[in-house]
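Asks: Let's see this in three dimensions:
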Amino acid sequence: MKTDIKHGFIVTYYRSSEESEQLLSDMIDVLSKENFYLVLAAHSLVPIEIQQKCDFFIYESLNISDDRRYSHGVAESSLIEMSLEHLKYQNIKQIFAQPEKE
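Replies: Next up is the predicted model:
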């Protein structure tokens, strides 16, 4: 675990295809080389190889949404809230986020 990091980076994710998983993997490869405390938060399962490139992984099985086309905001907000609480616990005050793309 990185202990001297002062910047947190949150990536939220929901697997919609093999391509989305590959894009996630590529993004994590890039971000994991930077001086960030990297949090990956997902509503879908993520391969262990990708999880291990991150400092912390949050999996929330309850994907809160409804029948509206763009209702994923509530679910994503809960992932971000959990991630922010973890970063606060880690005493990281500067935070960047990369939300999932649909």
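Asks: what helix or strand is Asp26 on?
Replies: helix 18-31 (DSSP states H and E).
Asks: Which secondary structure elements does whichever helix or strand comes after that helix sit against?
Replies: As assigned by DSSP H and E, the chain's next helix or strand after helix 18-31 is strand 37-42. Secondary-structure packing of strand 37-42 (3 or more C-beta pairs under 8 Å, 6 or more residues apart in numbering; DSSP states H and E): strand 7-13, helix 18-31, strand 56-59, helix 72-89. C-betas here are computed from N, CA, C, even on glycine.
Asks: give me the number of residues near the residue lying closest to Lys93 once chain neighbours are set aside?
Replies: Excluding the flanking residues, the one nearest Lys93 by C-beta to C-beta, 6 or more residues apart in numbering is Lys6, at 7.2 Å. The number of residues packed near Lys6 is 11, by other C-beta atoms under 10 Å.
Asks: For stretch 58-76, what does the pLDDT average out to?
Replies: Stretch 58-76 shows a mean pLDDT of 70.
Asks: Show the end-to-end separation of it, please.
Replies: This stretch, stretch 58-76, spans 12 Å end to end (C-alpha to C-alpha, to the nearest Å).
Asks: Quick check: buried residues in stretch 49-68?
Replies: Within stretch 49-68, the residues that qualify as buried are Ile50, Cys54, Asp55, Phe56, Phe57, Ile58, counting by 16 or more other C-beta atoms under 10 Å.
Asks: got the contact list for the nearest residue to the fourth one once chain neighbours are set aside?
Replies: Distances taken as C-beta to C-beta, 6+ apart place Val39 nearest to Phe56, at 4.8 Å, with adjacent residues excluded. Counting by C-beta atoms under 8 Å, 6 or more residues apart in numbering, Val39 makes contact with Gly8, Phe9, Ile10, Val11, Cys54, Asp55, Phe56, Phe57, Ile58, Ser83, His86, Leu87.
Asks: and those residues as JSON lines, adding distance to Gln22?
Replies: Shown next, in JSON lines, are the contacts of Val39 (distance: C-beta to C-beta, whole Å):
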{"residue": "Gly8", "distance to Gln22": "24"}
{"residue": "Phe9", "distance to Gln22": "20"}
{"residue": "Ile10", "distance to Gln22": "20"}
{"residue": "Val11", "distance to Gln22": "14"}
{"residue": "Cys54", "distance to Gln22": "16"}
{"residue": "Asp55", "distance to Gln22": "22"}
{"residue": "Phe56", "distance to Gln22": "22"}
{"residue": "Phe57", "distance to Gln22": "18"}
{"residue": "Ile58", "distance to Gln22": "21"}
{"residue": "Ser83", "distance to Gln22": "23"}
{"residue": "His86", "distance to Gln22": "26"}
{"residue": "Leu87", "distance to Gln22": "27"}
